[in-house]
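Colleague: quick one: sequence and predicted model below, then my questions.
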Amino acid sequence: MTDHAETFRRLHEDGLLLLANAWDAGSARLIESLGARAVATTSAGVAWAQGYADGDQLPVERLYATVASIARAIRVPLSVDAEGGYSDDPVAVGATVARLGALGAVGINIEDGAGEPDALCAKIEQIKRACAQAGVELFVNARTDVYLRGLAPEGERVAMTLERARRYRDAGADGLFVPGLKDRGQIGDVVTGTPLPLNLLARVGLPAAEELQTLGVRRLSAGSDLAETMFGRTAELAAGFFRDGDSAPLSAGAMPYGKINALFGER
């Protein structure tokens, strides 16, 4: 586990780490097989796969079971989207995240959402304290929703983001995740304004990966897009089958059974 933790931390030091977010052990293993250097989860996809809405609705025991199953299935570092920590109590959040580390995670995302930065600072501090006590090393990626939720006017978003980045770093954060940030100039301002490696969320209109790397971005996440596309494609195929009973479209573009099954053989 220590090797994975060190590897994951180094992946943020140079170049651009691409994360195609998984939602269960099967999707994680598939993504790993395609050459992923690390696997990260999407909280939305994990919740939907378990039959719950996104937004801290997933029972934490279900999250533990999902993380344990993914850690068993892959051999690369695993980072877990822990949403807001599934509690408003910083001590409870610290205990939850330390448990995720014990189950095999070497990184987490933890978000401020619509809340005040004080709350996330307290959670990060407790996460670091609980992990130290448990002997768990975790890369804490602090997500701020300044852009995603429009928490400040356009011209003030960089300043608010950097102020939160400073506070989250002081609390112990190792990385900064700013979903919704797409403007080249503002990306550059955030990169130069904080020593934390910057993580962006894939979105239409975002500069190409090569340019993001040149700008100094260190991590690009697919987020829930793969899970959303999977749901959309399944809905399309199932609706067509219910409509006319045609078998042919069901296997169009399918990955062969044997190839899928081989992903989960003895490793």
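Modeller: Received it, and whenever you're ready, just let me know what you need. Treat the numbers as computed from the prediction; the structure is a model and nothing was measured. Numbers count the residues shown, from 1 in each chain.
Colleague: ok, now which ones touch residue 7?
Modeller: By C-beta atoms under 8 Å, 6 or more residues apart in numbering, the contact list for residue 7 reads 38, 77. (Glycine included, C-beta is placed from N, CA and C.)
Colleague: could you look up the SS state of it?
Modeller: helix (DSSP: H, G, I helix; E, B strand; the rest coil).
Colleague: tell me the phi and psi of residue 45?
Modeller: Main-chain dihedrals, residue 45, degrees, to the nearest 10: phi -60, psi -40.
Colleague: that one and residue 32: what is the separation?
Modeller: In this view, residue 45 and residue 32 are 16 Å apart by C-beta to C-beta, to the nearest Å.
Colleague: who has more neighbours, the two?
Modeller: residue 45 (25 against 21; other C-beta atoms under 10 Å).
Colleague: let me know the average pLDDT across the top helix by length along the chain.
Modeller: Assignment by DSSP state H gives helix 225-244 as the longest helix of the chain. Averaging pLDDT along helix 225-244 gives 98.
Colleague: by contact count, what packs against that helix?
Modeller: helix 43-49 (3 or more C-beta pairs under 8 Å, 6 or more residues apart in numbering; DSSP states H and E).
Colleague: could you list the buried residues of the helix or strand that the helix it packs on is followed by?
Modeller: Proceeding C-terminally, helix 43-49 gives way to helix 60-73 as the next helix or strand, assigned by DSSP states H and E. Within helix 60-73, the residues that count as buried by 16 or more other C-beta atoms under 10 Å are 60, 63, 66, 67, 68, 69, 70, 71, 73.
Colleague: restricting to C-alpha, output the very next helix or strand once past helix 60-73 in CSV.
Modeller: Reading on from helix 60-73 to the C-terminus, the next helix or strand found by DSSP H and E is strand 78-81. The C-alpha trace of strand 78-81 is given here as CSV (Å, rounded to 0.1, in the frame of the first residue of the first chain):
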residue,chain,number,x,y,z
LEU,A,78,-7.0,3.8,-6.2
SER,A,79,-8.5,7.2,-5.4
VAL,A,80,-12.0,7.4,-4.0
ASP,A,81,-14.5,10.2,-4.4
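Colleague: what are the ranges of the helices in the chain?
Modeller: Using DSSP H, helices in the chain cover 2-10, 25-33, 43-49, 60-73, 90-103, 117-134, 157-171, 184-193, 209-215, 225-244, 257-263.
Colleague: what are the contacting residues of the last one?
Modeller: Spelled out, that is helix 257-263. Here helix 257-263 has contacts from 26, 29, 30, 33, using C-beta under 8 Å, 6+ apart.
Colleague: can you check the third one too?
Modeller: Contacts of helix 43-49 from elsewhere in the structure, counted by C-beta under 8 Å, 6+ apart, are 21-24, 27, 53-55, 57-58, 63, 66, 81-83, 109, 223-224, 226-228, 231.
Colleague: pull out the buried members of those.
Modeller: Buried among the contacts of helix 43-49 by 16+ other C-beta under 10 Å: 21-24, 27, 54, 58, 63, 66, 81-83, 109, 223-224, 226-227.
Colleague: thinking again about what came up before, just put the buried residues of helix 60-73 in CSV and tack on pLDDT.
Modeller: Output for those, formatted as CSV (pLDDT from 0 to 100):
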residue, pLDDT
60, 97
63, 98
66, 98
67, 98
68, 98
69, 98
70, 98
71, 98
73, 97
